[in-house]
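J.: Model the following, please.
(chains A and B)
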Amino acid sequence: MTLEDLNARVSAARAEVEARGETFYPGASRIHLAAYPPRERWSDWVELDSKAWPDRVERRYMLVPTTCFNCESACGLLAYVDRDTLEVRKFEGNPEHPGSRGRNCAKGPATVTQLTDPDRILHPLKRVGARGDGKWERVGWDEALDDIASRIRKALDEDRHREIMYHVGRPGEDGFTERILAAWGVDGHNSHTNICSSGARAGYHFWMGMDRPSPDHANARVILLVSSHLEAGHYFNPHAQRVMEGKKKGAKLIVFDTRLSNTATHADHWLSTYPGSEAAVLLAIANHLIRAERYNKVFVKRWWNWREYMEENHPSHPPTFEAFQRVLRSLYADYTFAFAAAESGVSVPTLEEVAETVAGAGTRLSTHNWRSAAAGNLGGWQVPRALFLLNALMGAVAVPGGTYPNSWNKYVPRPIRLPARHPKRWNGLTWPADYPLSLMEMSFLLPHLTAERGGFLDVYFTRVYNPVWTNPDGFSWIEMLLDPDRIGLHVALTPTWNETAFLADYVLPMGHSSERHDVTSYEQYDGRWIGFRQPVLRTARERLGEDVNSTREVTPGEVWEENEFWIELTWRIDPDGSRGIRGFFESRKRPGEKLTVDEYYGWMFENSVPGLPERAAREGLTPLEYMRRYGAFEIESKVGEVHEARVPEAELHDVHVDRAGRAFTRAPKPPLNNVVPLPLLDGDGKGRRRVGVEMDGVIRRGFPTPSGRLEFWSRTLAEWGWPEQAVPAYARSHVHRQYMDRDQMCLISTFRLPVQIHTRSANAKWLNEIAHTNPLWLHPKDAARLGVGTGDLVRVETRIGHFVVKAWVTEGIHPGVVACSHHMGRWKTGDGPRQAMATVSLNREGANWEMERKREPGPFRSSDPDTSRIWWTDVGVHQNMTFAVQPDPVSGAHCWHQAVRVRRAGPGDGYGDIAVDTAESRRVFRQWLELTRPANLHSPDGTRRPYWLLRPVRPERDAYRLPDGEAEGASGAGGGSEARSGAADSPGRGGTTGRAGAD
Amino acid sequence: MELFRALGSLIEVPAPEHRRVAAALRLPPVPAPAVHGTVVRFQRHPYASVYLGPTGMMGGDVQDRVVGFRRALGLPAPGQGDFGGEPKDGATPGAGVDGAGVAVEPDHLASLLGLLAGLDRWCREESSEARSVLLNQARVTLVWEYLASWRGPYLVSFEDCGAPYYEAWAALLGRALDALEDATEFPSALPAALQAAPALPDPRLDNGDDFVQALLAPVRSGMILLRDDLVRLSRELGLACRAGERRYVLAAFFAQDPAGTLAWLARHAGEWSTRVAGKGPGRIAAWWSARAAVSASLLSQLTADVQISAVASAKATR
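T.: Predicted structure coming up:
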């Protein structure tokens, strides 16, 4: 046979096999991390049992995909379900997942240790005795559901909607529970976000209307991270692999991190900036780009709202781009490299080199900030605003190698029913008028607001959330949770015991990643995909022909999944449908019957995910079967520049274009299957809706901002009381040296251990073996001054108390700064998880609390022989307890960095000791409250919050109005144009929170 | 040609999917993974760096040059930007280079053959004449520098390997490369790795530390010394074959019978000089043959020296 014949034969064979969706060329099997079982063999995969070695014992598996739940990245997992025992033996990566592409961090495979944890909560439990006594009785799901449902029903019937609250830690899903709350008509959504990412998200939101970055690292020429994003953080695994891809192609990596993190070790330029100085450095780079005229003038002219800025702030200047360029040049002229060097401690030559590197990126500049500096500092939300300024200057927005807005790289499929209800009542406990621009709920202030403003929650759900341990000021949380006048019923929905669940009235066991349904979609590259989390044993049993009616039938003990729980609870709240709630969770196929998860997701995949039905049909599957088989689906890649897209003619009817170029149409909005949250922008007041912006005589989509453009200048900020912060600016942080005593240092507490999960890894044995403590990073100069060495005990004093921890002397930290990682210091007072929780005593005298360590964890006998091999005893210190709340007055984010005094521990100090005065924490709360510019004084229109801003479970529009008599600043609030103009010329240097002139 | 990608995939550890590929190519039945382990994984490492690098080991400059070559084409290192060889969201050229089945190390034979197939398709689909010329130059470079430069001795090593499947695979790959090379106009200069490769060092001129390592580096000795060859040597000379890496085994032979070992190696090199002649493009085949002949000559001289020295030593003792 000739070579041509052979070539034709093999080409034809490949085409035929791949047309069936099967694998023709298997992966490179000698590199184990790159080799995956071909998907057509997932039903019956044979592997040798590694534990049986040296015997060659074959095990047969069914590989069932799901989605990791151990951080928000939602990476794909493949559960190896033993076909003989129907147990999950292990988890590996799912190569079909477009985001993670088969790769996982340690937390994914460690899921199996969470499933088999001998201390797992397996049954619904009800408190016996006083709250917090640690005594429980096992109850049935029916009893718990009826009790909770009846309380909620009564509250709704008595118009006490505000007394129902759902407080979520790790959402891990796209809107299911928000729809439950919307169906109930309750403005009771409370997220953890303001202790996490909301500072960064606020910065992005004010720029582009969307609140997260989606950097295209793989195609970048320069990657700039204000974070340790190669090892930790949202989407870090999908992003990290693309950062490395970019580096392999020659991209330069710039990392801002005070610590020598693992990420910093991979950087071409590591900038160990003094905490809080990041925006100063970024603005100095911007100044360099502007002065050297190395920015993308075409992009700036097209897409910035410079005209609006000039009109409002420089009415005496001609409204030309040339005039704006001159203003821009002078606006940032003071941000010299010398200034940035003085603020940051990074040398001028280094800053010059970095600025040149950025200047050479062209449009291939990918940047990212999530927590880090944005979560640490007063005014931290200006860090991403200054960071994105670089993208906006270079035109590196929504182009290959640049940074995309998240909503364009995300897909939220429309569900079978979308409750169109908007709560009638505003929840002032989560959205107080003091923080009208807060990106998310002021969740961490709950103990203070309930105490000072008489708040009462009749039913309070904590869901995969542990505020006592995760939030600052944990003792105030304990005080609130113990107070029946503030918390009527506390229901903890959690897969694992935690410090907050110990204080619950009901503890309801929820499933881990392989025991629940969710749909996820996150911005991890320029594309849109959905991932499906599913109870893998349910799917496995169904494939074997069994009927499974509820996920409870296949989980350990009585563990349940949340979706079925919420549907069941909703039905019990409104058993006869008379309240109009139940109908949102009724079957379409069988009216009057309960909606099942199969119908919920089956409808969604059939009707709301473009391309999925066709793809599934090619393999002879229904869309739901396809997702159960492969776990993920890419809807689109290379979404590109949505803002430049022409609005289709069908959407243009009786179009009106206003002076600012914003286009409005009378054409109805076409039905959208992607219900990703976007701002709600007002129409023209004459019945037309916003549809885009006019540019070059063409109506283009633009950005979902009030101006339709990238908002270099934010009218919202200016009009709501922050004119000096309306352009990207630098304001000195609360931990700036200027505001600290000479003997104080800055404590960084926000960084994560790459292998740990906030709360749920307390019993993940593999993860605990890798990382289980959090010493205090201390520079050798500081260590010498204090006279301590590695391993010595030090006392760290905060404003409200102190904690005692071990020192780790390292040059990997900026002098004058100390650092102590998040995740560690888990504790219990009685029974509880035994692998990584210390046993402590809590002593209280009035507002004074003390925690003393009684016993460290150690080996113990259990159903898992590994627990007898636990060798670690040091599980770190719970530092967050000693932090007062420090809410940023604009973004609402907690400013984590602490001004502390570090001393050698005294004779009476013991490792892990904690002392806190909650009366002092209340005083700190009030002091920070004074920094706010509340809606009742500054709202320009008599409302509590700008309507266009994103908000979960958005109440109806009338609820936005401030109560009569409260809108003191409703007319002309925010100052006249003169005031705005003057302030905007000084972009915030030392200008916030009464620190004007601080330079 | 898809044929090259298919042949490349077959040097991987056999999986059930390979049966379809082998059947399409009319090859004998795919053997068990254990056969692959014996024939390929432990003896005939399919990496260009092993045959072209001065240490005879994986990695180093040769692998770096392949990475650079890929980067010049706008492709990431395999295994980083692509799963299973499919560049999904890589640079522009990646969209055109369908490298399915390529290995994740850049200089692995499967990677190189996958890239060759991808470039071939990319050339055909390129609409710009100028770019097409550039792509064709890249294809020629790939073949000359990273495939033709070592495939002669590598494929020869499969002759009589005892596994009909791999013997047939090597013969077919050799045939396909012959056809490709015959139809390609190559540069006048030898591949860079061959030009740069030092010959087998003369242990009489230095301390001899490098000698054993160089014997195991094909580009220096001109021959391939498989584990099977060492076993054969031990049997023929009646020497103990120590358990360990090849360098260790060879050193043990020298310790036991230096003259016998040198003579055996000289014969082996001489045979290689004959076997590789005519395998691959003429200039390259001639280079390999000459390099083996030079080694054979040196080894013969060393054998004679050792024998003379031994006689002299014996006389002195008497």
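
J.: partner strands of the helix or strand where residue A:254 lies, parallel or antiparallel?
T.: According to DSSP states H and E, residue A:254 maps onto strand A:252-256. Take DSSP bridges as the rule and strand A:252-256 pairs in its sheet with strand A:222-226 (parallel), strand A:269-271 (parallel).

J.: which element follows the shortest one toward the C-terminus?
T.: Under the assignment DSSP H and E, the closest C-terminal helix or strand after strand A:269-271 is helix A:278-291.

J.: what packs against that following helix?
T.: Counting contacts by 3 or more C-beta pairs under 8 Å, 6 or more residues apart in numbering or on different chains; DSSP states H and E, helix A:278-291 is packed against helix A:321-331, helix A:337-344, helix A:348-359, helix A:382-394. Just so you know, the C-beta spots here come from the backbone N, C-alpha and C atoms, and that holds for glycine as well.

J.: now for the helix or strand following that helix, which elements pack on it?
T.: Using DSSP H and E, the helix or strand that directly follows helix A:278-291 along the chain is helix A:297-303. In this structure, helix A:297-303 packs against helix A:321-331, helix A:382-394, with contacts taken as 3+ C-beta pairs under 8 Å, 6+ apart.

J.: quick one on the thing from earlier: would you mind finding the most buried of the strands paired with strand A:252-256?
T.: strand A:222-226 (a mean of 29; mean count of other C-beta atoms under 10 Å in any protein chain shown).

J.: and the direction of whatever helix or strand comes next after it versus that of strand A:222-226, what angle?
T.: As assigned by DSSP H and E, the chain's next helix or strand after strand A:222-226 is helix A:236-248. Inter-element angle recorded for helix A:236-248 and strand A:222-226: 140 degrees (by axes from the mean of the first three to the mean of the last three C-alpha atoms, to 10 degrees).

J.: can helix A:236-248 be found next to chain B?
T.: Yes: judged by C-beta under 8 Å from any C-beta of the partner chain, helix A:236-248 and chain B are in contact via A:241, A:244-245, A:248.

J.: So among those residues, which ones count as buried?
T.: For those, a burial check counting by 16 or more other C-beta atoms under 10 Å in any protein chain shown picks out A:241, A:244-245, A:248.

J.: in stretch A:184-191, what counts as buried?
T.: Buried-residue list, stretch A:184-191, by 16+ other C-beta under 10 Å: A:184-191.

J.: you'd agree residue A:311 is in a helix?
T.: Yes: assessed by DSSP: H, G, I helix; E, B strand; the rest coil, residue A:311 belongs to a helix.

J.: quick one: it from chain B, how far?
T.: Distance, residue A:311 to chain B, using C-beta to the nearest C-beta, to the nearest Å: 41 Å.

J.: Quick check: chain neighbours aside, which residue is closest to that residue?
T.: residue A:319 (6.3 Å; C-beta to C-beta, 6 or more residues apart in numbering or on different chains).

J.: contacting residues for that neighbour?
T.: Going by C-beta atoms under 8 Å, 6 or more residues apart in numbering or on different chains, residue A:319 touches A:307, A:310-311.

J.: just residue A:504 next, same as before
T.: Per C-beta under 8 Å, 6+ apart, neighbours of residue A:504: A:127, A:131, A:462, A:490-492.

J.: Pick the one among these closest to chain B.
T.: Nearest to chain B among the contacts of residue A:504 is residue A:462, at 38.7 Å by C-beta to the nearest C-beta.

J.: so the closest one sits in a strand?
T.: Yes: judged by three-state DSSP, residue A:462 forms part of a strand.

J.: Helices along the stretch 1-150 of chain B, start to end?
T.: Ranges of helices in the stretch 1-150 of chain B, per DSSP state H, counting those that start in this stretch, are B:2-9, B:17-24, B:33-36, B:48-52, B:60-72, B:92-96, B:109-125, B:129-141, B:148-156.

J.: Look up phi and psi at the closest residue to chain B within chain A.
T.: Per C-beta to the nearest C-beta, residue A:25 is where chain A lies closest to chain B, at 3.0 Å. Residue A:25 adopts backbone torsions of phi -100, psi 110, taken as degrees, to the nearest 10.

J.: I figured residue B:175 was touching residue A:3, is that so?
T.: Yes: with contacts counted by C-beta atoms under 8 Å, residue B:175 reaches residue A:3, the gap being 6.8 Å.

J.: shaky segments in the stretch 501-650 of chain A?
T.: Scanning the stretch 501-650 of chain A for pLDDT under 70 picks out nothing.

J.: which among the contacts of residue A:504 gets closest to residue A:161?
T.: Of all these, residue A:491 has the smallest distance to residue A:161: 17.0 Å, by C-beta to C-beta.

J.: Confirm that closest one sits in a helix?
T.: No: in this structure, residue A:491 is strand, not part of a helix, as judged by three-state DSSP.

J.: so how far is residue A:562 from it?
T.: According to C-beta to C-beta, to the nearest Å, residue A:491 and residue A:562 sit 12 Å apart.

J.: among the helices and strands packed on helix A:278-291, which is nearest residue B:236?
T.: Using C-beta to C-beta, the helices and strands packed on helix A:278-291 put helix A:348-359 closest to residue B:236, at 62.6 Å.

J.: Excluding residues flanking it in the chain, which one is nearest residue B:179?
T.: residue A:3 (5.6 Å).

J.: nope, residue A:736 is what I meant
T.: Of all residues beyond its chain neighbours, the one nearest residue A:736 is residue A:276 (5.7 Å), with distances taken as C-beta to C-beta, 6+ apart.

J.: got the contact list for the residue most central in space within chain A?
T.: With distances taken as C-alpha atoms, centre = their mean, residue A:197 lies nearest the centre of chain A, 5.4 Å away. Residue A:197 sits next to A:212, A:234, A:370-371, A:374-375 when contact means C-beta under 8 Å, 6+ apart.

J.: Ok, residue A:90 next?
T.: A:79-80, A:109, A:112.

J.: Residue A:897 is in contact with the residue nearest to residue A:736, correct?
T.: Yes: applying C-beta under 8 Å as the test, residue A:276 and residue A:897 come out as touching, 6.9 Å apart.

J.: where do the contact lists of those two overlap?
T.: Common contacts of residue A:276 and residue A:897 (C-beta under 8 Å, 6+ apart): A:376-377, A:733-735, A:746.

J.: Just put the residues you listed in a markdown table and tack on neighbour count and distance to chain B.
T.: A markdown table is the format used below for the shared contacts of residue A:276 and residue A:897 (neighbours: other C-beta atoms under 10 Å in any protein chain shown; distance: C-beta to the nearest C-beta, whole Å):
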| residue | neighbour count | distance to chain B |
| --- | --- | --- |
| A:376 | 30 | 32 |
| A:377 | 30 | 34 |
| A:733 | 28 | 37 |
| A:734 | 24 | 41 |
| A:735 | 28 | 39 |
| A:746 | 25 | 37 |
